[in-house]
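1. just coords:
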């Protein structure tokens, strides 16, 4: 059984949350590996009300809707509130 990180509050066990950086802007975010929700302010609680989708986040920066725009990092630890 592989170790999981913090589970996404919108899709539960289906996706792990990972730290990511928008390559062209340097913005730090947290993103779900499954449902494409992203938390643009990692210091806030990871709650569905604070989420947006990857496409919207990238569009706000004038970028293409492409996961290649994100540099994925470490999983968010299960006990973390980010």
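-> Arrived safely. Keep in mind that this is a model prediction, so the values were computed, not measured.
2. Wait, residue 5 touches residue 46, no?
-> No: between residue 5 and residue 46 no contact is recorded; they are 11.1 Å apart, counting by Cβ atoms under 8 Å. For every residue, glycine as well, the C-beta is placed using N, CA and C.
3. shared neighbours of the two, anything?
-> Counting by Cβ atoms under 8 Å, 6 or more residues apart in numbering, the common neighbours of residue 5 and residue 46 are 17, 76.
4. Just want to know which of those two has more residues nearby.
-> Ranked by neighbour count (other Cβ atoms under 10 Å), residue 5 and residue 46 place residue 46 first, with 21 against 17.
5. Mind checking what secondary structure the more buried one has?
-> coil (DSSP: H, G, I helix; E, B strand; the rest coil).
6. again with residue 38
-> Classified using three-state DSSP, residue 38 is strand.
7. Outside of stretch 22-32 itself, list whatever touches it.
-> Residues from elsewhere that reach stretch 22-32 (Cβ under 8 Å, 6+ apart): 8, 10-11, 15-21, 37-40, 42, 46, 54, 57-58, 61, 63, 68-72, 76, 82.
8. in this protein, which spans are helices?
-> 54-60 (DSSP state H).
9. So what are the sheet partners of the longest strand anywhere in it and their directions?
-> For the chain, the strand with the greatest residue count under DSSP state E is strand 12-22. Using DSSP bridges, strand 12-22 pairs in its sheet with strand 7-8 (antiparallel), strand 28-32 (antiparallel), strand 70-75 (antiparallel).
10. now for the ones you listed, which one comes closest to residue 50?
-> Ranking these by their distance to residue 50 (criterion: Cβ to Cβ) puts strand 28-32 first, at 9.7 Å.
11. May I see the buried residues of the closest one?
-> By neighbour count on 16 or more other Cβ atoms under 10 Å, the buried set for strand 28-32 is 29-32.
12. go on, stretch 69-82?
-> Applying 16+ other Cβ under 10 Å to stretch 69-82 flags 69-70, 75-76, 82 as buried.
13. can I get those in JSON lines with pLDDT and distance to residue 25?
-> Output for those, formatted as JSON lines (pLDDT from 0 to 100; distance: Cβ to Cβ, whole Å):
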{"residue": "69", "pLDDT": "95", "distance to residue 25": "9"}
{"residue": "70", "pLDDT": "96", "distance to residue 25": "11"}
{"residue": "75", "pLDDT": "92", "distance to residue 25": "22"}
{"residue": "76", "pLDDT": "90", "distance to residue 25": "20"}
{"residue": "82", "pLDDT": "45", "distance to residue 25": "19"}
